[in-house]
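# predicted structure and sequence below. I'll ask about it afterward.
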Amino acid sequence: MAGLDLEASVVVDAIDDALVVLNEAGDVLDCNEAFATLVAPDGGDDIDRIEAGLDGYPALREQLERGNEGIVPIETGDDICYYQLTISTIDGETGSDPTLAVLHDVTAQQRQQTKLEQQNEQLDRFASFITHDLRNPLDVAIGRTTAIAELVDDPQVEKHIEEIRASHTRLVRIIQDVLTLARQGQSIDKKSDVTLANTARNAWDHVETAHAVLDVQTEQTVRADRNRLEQIFENLFRNSVAHGSSSESGTVTVTVGTIADGGGFFVADDGPGIDEDVREKVLEPGFSDENGTGLGLAIVSNIAAAHGWDVTVTAAESGGAQFEFTGVDVAVDTCNNN
């Protein structure tokens, strides 16, 4: 800045943020090199050239004159960059108080925010489509099937009706999973302290577990969205119960515990496990055996990602499947039995 001594001017010009000093009328008194380059990229740092360059950015000029802080979009060639404008008053020796305006480049953050907002809008539209355009006609089909079943007394027809009902049940589950997948992948704004043990036991009560057994080996408390964490447990429990019956005992024990370094938790079972060559694929949408929807574990992966966690599929000590969650914000860890 020309108004400063040489040493101070060099320091200010080295700052990446664009700085400009304005008088009470909104005229430019001084600026650093970053501001000059922003509004007058063709060169020159005299005040008249800066003023002329600033006139080419009416939105910025208006916010500076009005003293309105906030995000300012500035076109640079074929692109648009975004700057966070902050304004402060400088104590003047002559009775007039000039203002210092600082423009901090927030283009990357603004574009990411815009991208997330667009994704959430797409997810909301998709969820609406799933809820109304698919579920409504399916409900009609389920009702008509029930009506036909009450009118027919034929074992052969009843057999076909039961198969239709089974297909309807599967379709309902697919729709529920797709809806969950669409919504649960959205970013999480608020987290609270959640006890793994209580959340796991609540989830277990919501799952048809047959003769399966839950073994909780942790009192760890994590920062999470309670409902979405419960969804993780429910989906993993259903997966273990569905695939654990091929073990020698005909049932399955599901264990929830803390991983060795205390930086997360795991859900494991003593079933037949998951082949090493497909462990990464099971978390992808659409990967399923003939009994599943192919979305349950993808939902687990999406919810983990929304929390900022990493999920890894590996082998449990028993040889069964183990899902490990790392990068977890652990609030309290009073028990580690792994």
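On my side now, so go ahead.

# number of nearby residues for residue 128?
Here the number of neighbours of residue 128 (other Cβ atoms under 10 Å) works out to 12. C-beta here means a position set from N, CA and C on the backbone, and glycine is covered the same way.

# and it, how close does it get to residue 179?
Computed with Cβ to Cβ, to the nearest Å, the distance linking residue 128 and residue 179 is 10 Å.

# again with residue 255
30 Å.

# next one: the longest strand that the chain contains to chain centre, how far?
Ranked by residue count, the top strand of the chain under DSSP state E comes out as strand 79-89. For strand 79-89, the separation from the chain centroid amounts to 27 Å (computed by Cα atoms, centre = their mean, to the nearest Å).

# in its sheet, what does it sit against?
Partners of strand 79-89 in the sheet, by DSSP bridges, are strand 70-76 (antiparallel), strand 99-105 (antiparallel).

# identify the residues contacting the residue nearest to residue 29 when sequence neighbours are not counted.
Excluding its sequence neighbours, the residue lying closest to residue 29 (Cβ to Cβ, 6 or more residues apart in numbering) is residue 21, at 4.5 Å. Residue 21 is in contact with 1, 3, 28-31, 90, 98-101, counting by Cβ atoms under 8 Å, 6 or more residues apart in numbering.

# just residue 202 next, same as before
Going by Cβ under 8 Å, 6+ apart, residue 202 touches residue 230.

# swap in 10 Å and give it another go.
Contacts of residue 202 were listed using Cβ atoms under 10 Å, 6 or more residues apart in numbering, and they are 226, 229-230, 233-234.

# surely it is in a helix?
Yes - checked against DSSP: H, G, I helix; E, B strand; the rest coil, residue 202 lies within a helix.

# save the strands paired with strand 79-89 as JSON lines, and put in mean pLDDT and distance to residue 203 too.
Shown next, in JSON lines, are those (pLDDT from 0 to 100; distance: least, Cβ to Cβ, whole Å):
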{"stretch": "strand 70-76", "mean pLDDT": "86", "distance to residue 203": "41"}
{"stretch": "strand 99-105", "mean pLDDT": "92", "distance to residue 203": "44"}
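
# tell me which of those strands lies nearest to residue 164.
strand 70-76 (55.3 Å; Cβ to Cβ).

# residues of that closest one that come out buried?
72, 74 (16 or more other Cβ atoms under 10 Å).

# need the residues that contact that strand.
18, 38-39, 41, 56-57, 59-60, 62-64, 80-86, 101, 103, 105-107, 109-110, 113.

# which among those end up buried?
Of the contacts of strand 70-76, these count as buried by 16+ other Cβ under 10 Å: 18, 38-39, 57, 60, 63-64, 81-85, 101, 103, 105-106, 110.

# related to what we said a few turns ago, neighbour count: residue 255 and residue 179, which is higher?
Ranked by neighbour count (other Cβ under 10 Å), residue 255 and residue 179 place residue 255 first, with 24 against 20.

# before we move on, what SS does the more buried one have?
Residue 255 - assigned by three-state DSSP - is strand.

# so what's it up against?
With Cβ under 10 Å, 6+ apart, residue 255 has these contacts: 200, 213-218, 240, 266-270, 316-318, 320, 322, 337-338.

# put the buried members of those residues into a ChimeraX selection.
One line in ChimeraX is enough to select the buried ones among these; burial here means 16+ other Cβ under 10 Å:
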select :200,214,216,217,218,240,266,267,268,269,270,316,318,320,322,338
